[in-house]
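**Student:** here you go, sequence then predicted model.
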Amino acid sequence: MQKTNSPPTREPLKKRWSIAAKISPEADQNLENYHPVLRQILFNRGYATTESAEEFLRGGDTAPADQMLGIDAAVDRLIHAINTQEQVVVFGDYDTDGVTGTALMVQALRAAGAQVQAYIPNRFTEGYGLNNNALEMLKEGGAALVVTVDCGIRAFNEAEHASQIGLDLIISDHHTTGSELPPAVAVINPKQPGDPYPHKNLAGVGTAYKLACALLEKLSSNAVDPHALTDLVALGTVADLVPLVGENRQLVRQGLAQIWRKQRQGLLSLISVARLKPEKVRARDIGFILGPRLNAAGRLGSAMQAYDLLTAEDVFEAGRLAQALDNTNRERQEVTGTMVETSEELALKEGRDQPLLYAAHPDFNLGVVGLAASRLVERFYRPSIIAHQGEQVTRASCRSIPEFHITDALDECADLLEHHGGHAAAAGFTVRNENAGALVEQLNAIAERQLGDKDLQPVLNAEAEVPLKDLGAHLLEQLDWLEPTGYGNPEALFVSRDLKVSQSRAVGQESSHLKLSVTDGWVTYDAIAFRQGHWHEKLPPRIDLLYSFELNEFNGRRTLQLNVKDLHPSRA
C-alpha cells in the first residue's frame, strides 16, 4: 500500500455539549466537606452520601478470588502440576492486556515452583487465541497443561482438540461468553452465566491476577507478594479500556503505586525511552504513551518482544528492548496514518450518510486495522470496520459508538462468520471471502435499523459550568482524588462561557495545535487546544470553552492551565 500525500488539516466533528444537572440540596449538604466543584462531580457519578463518596475516593472495593467460578478447580490443577513438575504453558493474547497477563501468570507460577513457559501466538501467521497447530506443538514439546490469558472463551473446537490430544486446559478470559462454554478443566471468567463474582468488568490481566492470588494463598507462598504484580495489572487494565470503577480502580491505584516503586526493570526502561518519570506516571500515561508502545510489538511483529521486556531483569537487555519497542511504535504510527487515509477513501465511496463504515484491502496490516477503525469512528462517529482481505478469508477489527453494540450485531450474523467476539465498543471477526458481501449488507441493515432515526453526533459530557474564579490549586488537589481516570471514570470536564481571548497562536507540527490565553475580566488562564489549530485564523474575540483543568510542567516551571477539548464562539 503506497503512502498517500498528507491530507489537509481536518476540522473535527461538531460536538454537542451536555452539562450535568445541578447537585441536589441534600447531596450538597452531605458532601459539604469537599470543594463545591468536587461535590458536583461526586453527585454526577452517583455518590451523594458521605459514605459512598469516601468509599469511591478510597479507590473502590475488592472481592475474594474464590468467589469466582472455576477458581478452586483451576488452583487444584495447578498445584498438581507444580507437585508433579508437569510442564505448564501460559497461552496469552498479543495485545497489552494479554502480554501483561501472560507475564503475570508466568511470574506467579515460577515463584510457586512450576515448570512454566510463555506462548503468545503471532497475529499474522496464527491469528487470535488458541489454535490447533500451536496446541499440538506444545503437546509434542512436553506440555501437560495450558492456561489461557485474555483468550479462549469461545474456542470450542480448539478446547475439544486439546482434550483429544491429552492436553489439559484452564481458560482464563474476560470477553463476553456465548450461551455455552468450551470444555476445560476450569473456566474462569466473571461474565460466565451464574458467576457470583461482583466485579464483572475485570481485564484479562485482572482475571489472571485473581487466579494467581488464589494459587499463592492456597500454597501459603511468600515467594512473591501479589502486590508486586499489580504494576502489570495496571498496564493491561488501562490499555484494554475496561471501566475504571470498582475493583479495577483499586487495582490500577495499587499498580500505579507499584510502578512508582521502580522495581520492574523492563518497565523502567520503557518509561525512560518514553521520556516519563516513574514517580509521576498516571493512568493517562499508560493509555496514551506506554500502552501503545507495548502494543506495537504485536501489531507489526511478535508480541513476545513486549513480553521479554516486561520480564527482563538485565538493565542493558531491558534498555535494548525498550528502544526497539519505541522504534516499532514510530513505524506503527506511520503505517496507521497511511491506512487511515486509504480506508476512509474506500469506506466513503458509497457516500457519507451510511450508518456503518467498512473498508477491506489485501495490503491492510492486520496489526493496525483496529487503530484505523478507531480513527474513522473519531472522524465520522459511525461504527467502523477495517479488514485485511486474504486469499480465502477476511479478518477484521470493529470499533463502535455507544448507540451500537457491535458484538451483539455480529451475533446476529453468526451464521456467516468463522469466528467473532469482543465487547460493546470493540470486536473482531473472521469471515470467508464469499460471505463478506452478505455480511456487510446484513450489518448495514442492522445499523440502519438501530441508528437510522438517530442524530449521530459525539457528545462531550461536562461536570458543571464553572466561572474561572472557582478554579485554583485547592480544586486541582481535590480533583487528583478522582484518579485513576479513564474509561468508565473519565477526567472531569468543565464549561466556562463568554471568555475574552487575550492572545492566541498556532503551535506544533504543521501548526496543528492552538495555544491561547483567556480571561473573564478578573482571572486569566493559559490554555492549550490540541488538534484545533484550524481555529487560529478565525478565532472570535469571545468564546465558550469545554476543558479539563490541569497542572502544566515545562522547563521546571509549574502553571495551572486549561486543556481545551472543544470551543464554540460565545453566544453572548
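**Tutor:** In hand now; what should we look at? Numbering: from 1, shown residues only.

**Student:** least trustworthy helix or strand in the chain by mean pLDDT?
**Tutor:** Counting by mean pLDDT, DSSP states H and E, the chain has its least confident helix or strand at strand 419-422, which shows a mean of 84.

**Student:** which is the next helix or strand following that one?
**Tutor:** Note on strand 419-422: by DSSP states H and E, the next helix or strand toward the C-terminus is strand 426-432.

**Student:** so in that sheet, which strands flank that following strand, and in what orientation?
**Tutor:** strand 393-399 (antiparallel), strand 419-422 (antiparallel) (DSSP bridges).

**Student:** domain assignment for this structure?
**Tutor:** Split into domains by automatic domain parsing, the chain comes to 16-58+460-569, 65-326, 348-451.

**Student:** quick one: end-to-end length of the shortest one, please.
**Tutor:** One end of domain 348-451 sits 18 Å from the other (CA to CA, to the nearest Å).

**Student:** do the first one as well
**Tutor:** Taking CA to CA as the measure, domain 16-58+460-569 stretches 14 Å from start to finish.

**Student:** chain center to that domain: distance?
**Tutor:** For domain 16-58+460-569, the gap between its own C-alpha mean and the chain's C-alpha mean amounts to 23 Å (CA atoms, centre = their mean, to the nearest Å).

**Student:** repeat for the last one
**Tutor:** Taking CA atoms, centre = their mean, the mean C-alpha location of domain 348-451 is offset from the chain mean by 19 Å.

**Student:** again with the second one
**Tutor:** Between the centre of domain 65-326 and the centre of its chain there are 15 Å (CA atoms, centre = their mean).

**Student:** on that earlier part again, tabulate the strands paired with strand 426-432 (TSV), appending distance to residue 132.
**Tutor:** (Each C-beta comes from the backbone N, C-alpha and C, glycine too.) Formatted as TSV, those follow (distance: least, CB to CB, whole Å):
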stretch	distance to residue 132
strand 393-399	16
strand 419-422	13
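
**Student:** mind checking the ones you listed for the one nearest to residue 553?
**Tutor:** Closest of these to residue 553 is strand 393-399, at 32.8 Å (criterion: CB to CB).

**Student:** using CSV, list the CA coordinates for that closest one.
**Tutor:** Coordinates of each C-alpha in strand 393-399 appear next as CSV, following Å, rounded to 0.1, in the frame of the first residue of the first chain:
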residue,chain,number,x,y,z
VAL,A,393,-10.8,-15.2,4.5
THR,A,394,-11.2,-11.6,5.6
ARG,A,395,-10.1,-10.7,9.1
ALA,A,396,-11.5,-7.5,10.6
SER,A,397,-11.4,-5.3,13.6
CYS,A,398,-14.5,-3.3,14.6
ARG,A,399,-14.9,-0.2,16.7
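
**Student:** buried set for the following helix or strand past that strand?
**Tutor:** Per DSSP H and E, the first helix or strand lying C-terminal to strand 393-399 is helix 406-412. Within helix 406-412, the residues scored as buried using 16 or more other CB atoms under 10 Å are 406-407, 409-411.

**Student:** quick check, nearest of those to residue 60?
**Tutor:** residue 407 (25.8 Å).

**Student:** distance to residue 337 added to the domains of the chain, as CSV?
**Tutor:** As requested, the domains of the chain are exported to CSV (distance: least, CB to CB, whole Å):
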stretch, distance to residue 337
domain 16-58+460-569, 13
domain 65-326, 14
domain 348-451, 9
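
**Student:** pick the most buried one from the ones you listed.
**Tutor:** Burial of these is given as mean neighbour count (mean count of other CB atoms under 10 Å); domain 65-326 ranks first at a mean of 21.

**Student:** and the end-to-end length of that domain?
**Tutor:** Taking CA to CA, domain 65-326 runs 36 Å from one end to the other.

**Student:** likewise stretch 509-524?
**Tutor:** Terminal-residue distance, stretch 509-524 (CA to CA): 26 Å.

**Student:** what's the mean pLDDT across it?
**Tutor:** Computed over stretch 509-524, the mean pLDDT rounds to 93.

**Student:** how near is residue 516 to residue 117?
**Tutor:** Per CB to CB, to the nearest Å, residue 516 is found 55 Å from residue 117.

**Student:** no no, residue 559
**Tutor:** Going from residue 559 to residue 117 by CB to CB gives 50 Å.

**Student:** wait, residue 358 sits on residue 347?
**Tutor:** Yes - using CB atoms under 8 Å, residue 358 is in contact with residue 347, at 6.0 Å.

**Student:** next, show the common contact partners of the two.
**Tutor:** With contacts taken as CB atoms under 8 Å, 6 or more residues apart in numbering, the residues that reach both residue 358 and residue 347 are residue 384.

**Student:** residue 410 is in contact with residue 430, isn't it?
**Tutor:** No - using CB under 8 Å, residue 410 is not in contact with residue 430; the gap is 10.9 Å.
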